[in-house]
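Chemist: quick one: sequence and predicted model below, then my questions.
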Amino acid sequence: MKNKTVNKIILLFIVTFLIIIACMGLSIINNNIYNSEVHQKTLSGEKIFEESAEDDVSVAAAARSSTWGKVFDFNNEGLTDNNYQAYTYDITVKNNTDDEVSNFSFKFTFNRNVYLSSAWNGSLEIHQNVKTNEIVDTVSDLREFVPDDYMLKTVNVDGESLITMNAGDYFIYTPSSSMNAMEIPIKPSEATTPGIILYVPVGEDIEDSVMELEYILRRSLTNELLFRVSLAGAVIWLAALIICAITSAQIKKYKERYERDNVIISESIETFTGFIDAKDPYTNGHSKRVAIYIRQIAKEFGYNNDELNRIYYVALLHDCGKIGIPDNILRKPEGLSDEEYEIMKSHTIVGSEILSHFKSLKNVGEGARYHHERYDGKGYPDGKAGEEIPFIARMICVADAFDAMNTNRVYRKKLTKEDIINEIEKEKGYHFDPKVADVMLKLLKNGKISMDR
């Protein structure tokens with residue numbers, strides 16, 4: 001039973017450990033999937049200039065108040081008034097999550113002709129003539145733009161080279177991760193603000209443009225709920241394992257001490273009962289034999305472990321009161337007188353009084369006092385009958401009688417197995433408890449209790 005319990009505990013630890021490992025593995029897979037997912041959102045019109053804190057990552061363009069103008073005289077008409085106005089747009093990308101924005105990019109598509117002057121801090125992948133003969137080129141830093149280094153179409157106004165963006169053209173902004181810019185990663189609740197400078201006709205703006213944002217969130221594994229639960233489970237599992245190991249060691253130590261104490265108790269009691277049995281050479285070893293028979297009988301009734309040990313010790317001490325009986329009566333070979341018989345019967349009371357001080361063994365005195373009571377109520381010392389007699393005393397009564405019949409006496413030889421079985425059958429319900437007698441007969445017939453001594 002104990003081995004089965006230990007095996008169940010070991011199996012429970014193994015199964016729990018595998019579940020924790022599986023949950024951790026699943027959390028890692030989920031985390032990798034989450035960290036590789038590309039999120040997208042599209043803004044157009046006025047939405048480009050509105051920030052929404054409800055979004056995981058918000059993006060909003062804001063025009064600075066300071067502007068300036070230039071004269072764009074493409075046809076050499078001699079224009080003198082500024083007909084194009086420069087707008088500086090700060091495009092704020094804000095992280096509204098508890099995770100980190102590991103990367104982002106946005107695509108800005110124009111629905112009217114504009115001229116791109118500058119941009120910071122990242123690079124621009126510029127798509128010109130999208131509707132006709134598309135030109136694609138990447139400018140790593142527009143602030144250092146040299147037209148001759150690129151295929152892009154440009155115009156020069158007042159010594160400034162501007163990139164022509166017709167309706168339908170677009171650029172893709174990729175942020176910089178350099179130490180100076182550090183646009184990515186974006187920490188939780190933080191933002192980065194790249195910017196662009198555009199020239200548009202006076203009186204017009206870029207509110208009819210379209211902005212498409214792509215971003216990737218990176219969640220720390222420790223922020224995964226399943227990982228946290230798994231980690232907590234692992235800590236609890238480890239703590240339980242340590243506690244179990246410590247408890248097991250303590251139990252083992254206690255068990256060893258318990259077994260050692262049991263040996264000491266058993267040896268002490270057997271030594272004491274040996275003194276008693278030695279007083280009567282005809283019954284030497286009687287107490288131990290009765291105790292052995294009782295253990296076998298009790299086991300048939302379903303007793304086990306510590307209770308079997310207790311029953312064994314109670315049976316071992318059942319005749320301890322004989323230590324108070326004079327030797328001349330105890331060893332008398334012929335029949336006892338009435339007075340001597342009364343003295344002999346007193347060993348039950350003397351035994352129970354001796355054992356009344358033995359508190360560590362539950363009901364230890366019951367065997368000594370009541371083992372000569374009869375099931376029909378004609379026994380001694382109290383004349384108890386049937387179920388009034390403690391069960392252990394009823395078991396001792398049968399085992400005690402069997403050992404007496406199976407022992408040579410000065411006045412007769414021990415009885416045969418057949419005679420003993422007949423005697424027990426005859427006394428069922430009179431001298432013996434029928435249930436106990438039946439168990440004793442079963443053990444005798446099956447050879448589990450031997451007639452040999």
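Modeler: Nice, thanks for sending it over.
Chemist: switch to C-alpha atoms for all contacts and neighbour counts from now on
Modeler: Will do.
Chemist: quick one: low-confidence ranges for the stretch 301-450 of the chain?
Modeler: 410-411 (pLDDT under 70).
Chemist: residue ranges for the helices of it, please.
Modeler: 305-316, 327-330, 338-345, 347-355, 365-370, 391-405, 417-427, 434-445 (DSSP state H, counting those that start in this stretch).
Chemist: quick one: buried residues of the shortest one?
Modeler: This points to helix 327-330. Ile329, Leu330 (16 or more other Cα atoms under 10 Å).
Chemist: and it, what does it pack against?
Modeler: Counting by 3 or more Cα pairs under 8 Å, 6 or more residues apart in numbering; DSSP states H and E, the packing neighbours recorded for helix 327-330 are helix 338-345.
Chemist: before we move on, back to that, could you dump the helices of the stretch 301-450 of the chain to TSV with distance to Glu54?
Modeler: Output for the helices of the stretch 301-450 of the chain, formatted as TSV (distance: least, Cα to Cα, whole Å):
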stretch	distance to Glu54
helix 305-316	68
helix 327-330	102
helix 338-345	97
helix 347-355	83
helix 365-370	82
helix 391-405	79
helix 417-427	93
helix 434-445	82
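Chemist: the ones you listed: which one's closest to Ile29?
Modeler: helix 305-316 (51.2 Å; Cα to Cα).
Chemist: angle of the closest one against helix 391-405?
Modeler: 50 degrees (axes from the mean of the first three to the mean of the last three Cα atoms, to 10 degrees).
Chemist: touching, Ile20 and Gly233? I think so.
Modeler: Yes: between Ile20 and Gly233 there is a contact under Cα atoms under 8 Å: 6.6 Å.
Chemist: in terms of neighbours, single out the busier of those two.
Modeler: Ile20 (21 against 18; other Cα atoms under 10 Å).
Chemist: Lys426: how many residues sit nearby?
Modeler: If we define neighbours as other Cα under 10 Å, then Lys426 has 12 of them.
Chemist: from Phe432, how far off is it?
Modeler: 9 Å (Cα to Cα, to the nearest Å).
Chemist: for Leu43, same thing?
Modeler: For Leu43 relative to Phe432 (Cα to Cα), the value is 100 Å.
Chemist: and for Glu387?
Modeler: 11 Å.
Chemist: neighbour-wise, which of the two wins?
Modeler: More neighbours surround Phe432 than the other of Glu387 and Phe432, with 25 against 10 (other Cα under 10 Å).
Chemist: most packed of the helices of the stretch 301-450 of the chain?
Modeler: Among those, ranked by average contacts under mean count of other Cα atoms under 10 Å, first place goes to helix 365-370 (a mean of 27).
Chemist: got a list of what the closest residue to Ala53 other than its chain neighbours touches?
Modeler: Spatial nearest neighbour of Ala53, chain neighbours left out: Asn96 (6.6 Å); criterion: Cα to Cα, 6 or more residues apart in numbering. Residues in contact with Asn96 (Cα atoms under 8 Å, 6 or more residues apart in numbering) are Ala53, Glu54, Asp55, Asp56, Val57, Ser58, Pro188, Ser189, Glu190.
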